[in-house]
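J.: Next input, structure requested:
(one chain, ligands or ions: 1)
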Amino acid sequence: MPRTSHRLDAISESVIRNTTRTSDAYNAINLAQGFPDFEPPPALLDALVTATRGPFHQYAVTWGAPRFRRALADKITRTSGVAIDPDQHLVVTCGSTEAMMVAMMTACNPGDKVIIFSPFYENYFADTILAGAEALWVPLRPPTFHFDPDELERAFAQGAKAIVLCNPGNPTGKVFSRDELMTIVALAIKYDAYIITDEPYEHVVYAPYEHTYVHALPGAFERTIVCNSLSKTYSVTGWRIGYVQGPPDVIRGARKVHDFLTIGAAAPLQEAAVTALEFPQKYYDDLRDFYTAQRELFLGYLRQTGLPFTEPQGAYYVMLNIAELGFDTDAEASDWFIKTIGVAGVAGSSFFREPVQDYLRFHFAKSAPTLHEAGERLLRVREQR
Ligand code: GLN
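T.: The predicted structure follows:
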């Protein structure tokens, strides 16, 4: 019998998506896979209804419907301060998930090396392997998740073709400072590497922290491949609309990869999403205020459990340190939390290269009643264990 690709031996199924299935099977509150339980903005839903009656039911232009790309370019120009050309700098994809795969396949030859910070969002390693590349690991050290610039330079010096940067960080909640990003850009220039960013939480950043766009830093634009998505900003994770943004030569390559992978993102959804991209600044301010409130609500309960946890500066994930609960593995802990407590979190080891078993990752992109219920359940951890 033929054997499937050896690339698949190196990667496992997504632990995040697996945890969702277990959570559903036991009717737990799913704080594992990060997505909202509330509705997208009403104006966006109205636009979707209107789009269903328009001429949007066949393929859009493979690299993105022109009206959508125009609105997207204007939005990125407004928020990052860098003029984005819809015809030269963008490819619309099926979520940031496809965008990252496209970025890797565009940037890398088989055998190339890609720097990944650990902990990391699990797709980065899978995408590296699927692109035929190899990972070079650099730790982000808890609790602040800082990196050692010398250690990072040693990784670049091994001939890295690219570095992947998740900012704001999933699962760390780290918002990279401008200085840290300048260090990364300087090394990428020195060693002539791409910076592949993943920035779906660009608008979920807690005061006093602020999001810095790497592509807006001096000397960065020509080597930065941005992967991003509308999923989190407009609460539409099921729409699967994302994009790759980069310099024209990269985008010419990315168009080819994307076209052969998926042809394109759903045309009626692109049409509807123009409405969201035109929202005023107030929408983004309200979004940040909303998540700030959810963060306080959820962290309030975690504090009462007495267990240590990471305080996110951005994004909506918390790493709860479960070491003192005495489980043999975090997978066992995740199972126990689902079945006994009724709240699902992701086993933290799936985010670490190092053998770390001390964390469960929970998210708080949920409505207040859901977070209150989850919080009340989590307060029972000590008496149940
Ligand atoms: N990014 C989200 C998370 O980390 C959702 C991941 C996914 O399943 N696409 O949970």
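J.: A strand includes F362, no?
T.: Yes. Under DSSP: H, G, I helix; E, B strand; the rest coil, F362 falls within a strand.
J.: Which residues does the lengthiest helix in the chain contact?
T.: Across the chain, the longest stretch assigned as helix under DSSP state H is helix 281-305. The contact list for helix 281-305, computed with C-beta atoms under 8 Å, 6 or more residues apart in numbering, reads 41, 79, 203-207, 233, 309, 311-312, 316, 318, 320, 362, 364-366, 368, 371-372, 374-376, 378-379, 381-382. Yep, even glycine has a C-beta here, placed from its N, CA and C like the rest.
J.: quick one: average pLDDT of it?
T.: Regarding helix 281-305, the rounded mean pLDDT is 98.
J.: same thing with stretch 313-331?
T.: 97.
J.: Could I get the CA-only coordinates of that stretch as CSV?
T.: Taking C-alpha atoms only, stretch 313-331 is exported to CSV below (Å, rounded to 0.1, in the frame of the first residue of the first chain):
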residue,chain,number,x,y,z
GLN,A,313,-2.2,42.8,27.4
GLY,A,314,-4.1,41.9,24.2
ALA,A,315,-6.2,39.2,22.6
TYR,A,316,-8.6,37.3,24.8
TYR,A,317,-6.7,34.3,26.2
VAL,A,318,-5.6,33.5,29.7
MET,A,319,-3.1,30.7,30.6
LEU,A,320,-4.3,29.3,34.0
ASN,A,321,-1.5,27.6,35.9
ILE,A,322,-2.9,24.3,37.1
ALA,A,323,0.3,22.8,38.4
GLU,A,324,-0.9,22.7,42.0
LEU,A,325,-4.0,20.7,41.1
GLY,A,326,-1.7,17.7,40.6
PHE,A,327,-2.7,16.2,37.3
ASP,A,328,-0.3,13.9,35.5
THR,A,329,-0.8,15.7,32.2
ASP,A,330,-2.6,18.9,31.0
ALA,A,331,-4.7,16.7,28.6
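J.: Looking at the contacts of helix 281-305, which are in strands?
T.: V318, L320, F362 (DSSP state E).
J.: Nearest to the ligand within this protein, name that residue for me.
T.: Using C-beta to the nearest ligand atom, the single residue of the chain nearest to the ligand is G34, 3.4 Å away.
J.: now that residue, nearest residue through space, not along the chain?
T.: Closest residue in space to G34, ignoring its immediate chain neighbours: H363 at 4.2 Å, by C-beta to C-beta, 6 or more residues apart in numbering.
J.: Now do the same contact list for the one you found.
T.: H363 touches L31, A32, Q33, G34, Y316, Y317, V318, counting by C-beta under 8 Å, 6+ apart.
J.: residues in contact with the last one?
T.: If I follow you right, that is V318. Contacts of V318 (C-beta under 8 Å, 6+ apart): G173, F298, L299, L302, F309, T310, E311, P312, R361, F362, H363, F364.
J.: at 6 Å instead, please
T.: F309, F362 (C-beta atoms under 6 Å, 6 or more residues apart in numbering).
J.: Near the ligand, which residues of the protein are found?
T.: Applying C-beta under 6 Å from any ligand atom, we find that the chain lies next to the ligand at I16, R17, Q33, G34, T97, Y121, N170.
J.: What is the neighbour count of the fourth one?
T.: Which is G34. Neighbourhood size, G34 [other C-beta atoms under 10 Å]: 25.
J.: And the strands in the chain?
T.: So, for the chain - with DSSP E - the strands run 29-30, 90-93, 113-118, 134-139, 160-166, 194-198, 224-229, 242-245, 317-321, 343-344, 346-347, 359-363.
J.: Throw these into a markdown table and include distance to D127, thanks.
T.: Shown next, in a markdown table, are the strands of the chain (distance: least, C-beta to C-beta, whole Å):
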| stretch | distance to D127 |
| --- | --- |
| strand 29-30 | 24 |
| strand 90-93 | 13 |
| strand 113-118 | 9 |
| strand 134-139 | 10 |
| strand 160-166 | 8 |
| strand 194-198 | 9 |
| strand 224-229 | 10 |
| strand 242-245 | 13 |
| strand 317-321 | 20 |
| strand 343-344 | 25 |
| strand 346-347 | 18 |
| strand 359-363 | 20 |
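J.: Just confirm T224 contacts T212, I think it does.
T.: No. T224 is beyond contact range of T212, at 12.0 Å (criterion: C-beta atoms under 6 Å).
J.: Tell me which of these two has more neighbours.
T.: The neighbour count for T224 versus T212, taken as other C-beta under 10 Å, is higher for T224 (24 against 19).
J.: who's in contact with the more buried one?
T.: By C-beta under 6 Å, 6+ apart, the residues touching T224 are I195, V214, H215.
J.: try 8 Å this time
T.: Shown in contact with T224 (C-beta under 8 Å, 6+ apart): Y194, I195, I196, T197, V214, H215, G246, P247.
J.: hmm, back to that, just flag the most distant two among the contacts of H363.
T.: Q33 and V318 (14.4 Å; C-beta to C-beta).
J.: circling back: can you go through the contacts of H363 and name the buried ones?
T.: Listed as buried from the contacts of H363 are L31, A32, Q33, G34, Y316, Y317, V318; burial here means 16 or more other C-beta atoms under 10 Å.
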